[in-house]
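> Fold the following, please.
(one chain, ligands or ions: 1)
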Amino acid sequence: MSSLRSLAQSILDNVDVIESCLEAKGCPPPSWDVNAQDWLSNADSRDLRKSRETVLSATKELHDLLIGPRELIQVMGEHHNDLISSQAIIRYGIANRIPIDKKISYAELAASCGIHEHVAQRLLRHAILRRLFIEPQPGMVAHNAVSRVLLEDEQMRDFLAVSVEDLWPAATKTVDALQKWQKSDLPHETGFTLANNSTSSIYHVLAAEPNRGMRFANSMGAYSANPTYSADHVLKGYPWRSLPPAASIVDIGGSHGSIPIALAKEFGDINFIIQDLPMIIESVPALPDEEWASRVKFMSHDFFTEQPVKDADIYYFRWIMHGYADSNAAQLLKHLIPALKPGARILINDYVLPEPGTVSWWSETRARVVDITQIEILNSRERELGEWKGLFAMTDPRFKMLNAWTPEGSALGFIEAVWQPEETKPVDM
Ligand SMILES: C[S@@+](CC[C@H](N)C(=O)[O-])C[C@H]1O[C@@H](n2cnc3c(N)ncnc32)[C@H](O)[C@@H]1O
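Predicted coordinates:
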């Protein structure tokens, strides 16, 4: 079978699986209709996720094979234009200018934005080809299922806004930053720094501009609202029940504690201390008067200083380490050492980057896009298995990395190490 035909066959076979999953849940087929249901979350299942990933990867390969090598280079290059219409849509607030249940003319839209009608029409027609909005009749524009998300979901609107207003300018300066600062791993020597004419890191730049900071935090919320970041993966992805009685867990950089709170509700015998910067801890809402809340405490702590909570069973970092290059990530781990009892576990929830070609094209692409963003904004990195091992080894040989795994359907994996001073018995692998 030619590669075209075998890809097409795999697409067909997996579309059959997807349709059966949808039918079993009584979901209508996917559609761009403005009133279309969110089929993906309504019909979520292991089979559906697997087949969807296969189809997304196979359709892309089929698509690219048919474009061919020369035109593919042109298409790659032309991507530089892709974000112009998205930026215009965000900057002019176009989703909000079009009523959800009405079409309006390009002339009317252009007048309300103060731009030429032909420019509005050209930008929107470009966006329409990327599935944002529709042109139900010549000269008129209306919402579809995708633009409706921009209208109604503030987090997703902020996600696109951060992409086009904060990250895109940073992306265009990322290679300039590499040339200027060469092998720097400092968070204030990045494309983001250059794009903002700053000498500070993204954290300081955003802290000085509260509206941008808020928008960035909101856009991160769009990530964590994705089912692949659900707390459920943490609950089910680690053998919490195998911990000793009344185990203690310190969640470092734990924000408002959504993960430990979910764990405390589920596992009645575990105690949690959530640490974050004072500004974050001061904004934690009061906990309800329930049993689980008596096992959850908050504490201000800067993780670049010595860990004050001694002898905990687990020191847990979720979505922290990827923000730091190895030199700084090693500092975070070193600050734990005075607090560690033999056998204490370090549990990290972060990407375990797949080795090239070991997962679907779709999965690998999603992971590598996040990794490139780390170069662009922080000079930090996502890590493959060997790089996690390397991080522990360079920090202190008494950290023994035990295992790394990514639960099915989860974006973040678990990386587990144990503190094993020389004189203690080795822990079973
Ligand atoms: C990407 S968020 C992850 C939050 C949480 N662990 C989660 O998975 O949802 C990073 C967290 O690290 C906190 N953080 C940043 N710098 C810190 C520092 N020096 N000390 C303690 N926490 C810090 C931030 O306030 C933020 O809550």
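
> Return the residues in contact with the residue lying closest to W292 once chain neighbours are set aside.
Leaving aside its chain neighbours, W292 sits nearest to A264 (4.2 Å; criterion: C-beta to C-beta, 6 or more residues apart in numbering). Every residue, glycine included, has its C-beta placed from N, CA and C. Listed by C-beta atoms under 8 Å, 6 or more residues apart in numbering, the contact partners of A264 are 270, 272, 292-293, 295-296.

> quick one: which of these sit in strands?
Using DSSP state E, the members of those that fall in strands are 272, 296.

> and the closest residue to D82 other than its chain neighbours, how many neighbours?
Once flanking residues are discounted, D82 sits nearest to R130: 7.3 Å by C-beta to C-beta, 6+ apart. Residues within reach of R130, counting by other C-beta atoms under 10 Å, total 12.

> what's the pLDDT at R130?
R130 carries a pLDDT value of 97.

> doesn't P354 make contact with S363?
Yes. With contacts counted by C-beta atoms under 8 Å, S363 reaches P354, the gap being 6.7 Å.

> What is the least confident helix or strand in the protein?
Among the secondary structure pieces of the chain, namely its helices and strands, helix 39-42 has the lowest mean (mean pLDDT, DSSP states H and E), a mean of 80.

> Off-centre distance for the helix or strand that comes right after it?
Following the chain from helix 39-42 toward its C-terminal end, the next helix or strand by DSSP states H and E is helix 46-67. With C-alpha atoms, centre = their mean, to the nearest Å as the basis, helix 46-67 stands 21 Å off its chain's centre.

> Packing partners of helix 46-67?
Counting contacts by 3 or more C-beta pairs under 8 Å, 6 or more residues apart in numbering; DSSP states H and E, helix 46-67 packs against helix 3-24, helix 361-378.

> Can you list the buried residues in that helix?
Neighbour counts using 16 or more other C-beta atoms under 10 Å place 48-59, 62 of helix 46-67 among the buried residues.

> How about stretch 330-344?
Buried positions in stretch 330-344, judged by neighbour count with 16+ other C-beta under 10 Å: 330, 332-333, 335-337, 339-340, 344.

> which SS state does F317 fall under?
Going by DSSP: H, G, I helix; E, B strand; the rest coil, the secondary structure assigned to F317 is strand.

> How about the contacts made by it?
Shown in contact with F317 (C-beta under 8 Å, 6+ apart): 252-253, 332, 346-350.

> Okay, N35 and the ligand: tell me how far apart.
Using C-beta to the nearest ligand atom, to the nearest Å, one obtains 33 Å as the distance from N35 to the ligand.

> Strands of this structure, residue ranges please.
Under DSSP E, the chain gives strands at 104-105, 140-141, 248-252, 271-276, 296-300, 314-318, 345-350, 352-353, 383-384, 399-405, 413-419.

> any chance of those strands in CSV, plus mean pLDDT and distance to the ligand?
As requested, the strands of the chain are arranged in CSV below (pLDDT from 0 to 100; distance: least, C-beta to the nearest ligand atom, whole Å):
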stretch, mean pLDDT, distance to the ligand
strand 104-105, 98, 39
strand 140-141, 98, 37
strand 248-252, 98, 7
strand 271-276, 97, 5
strand 296-300, 97, 8
strand 314-318, 98, 4
strand 345-350, 98, 7
strand 352-353, 95, 16
strand 383-384, 96, 16
strand 399-405, 95, 17
strand 413-419, 98, 13
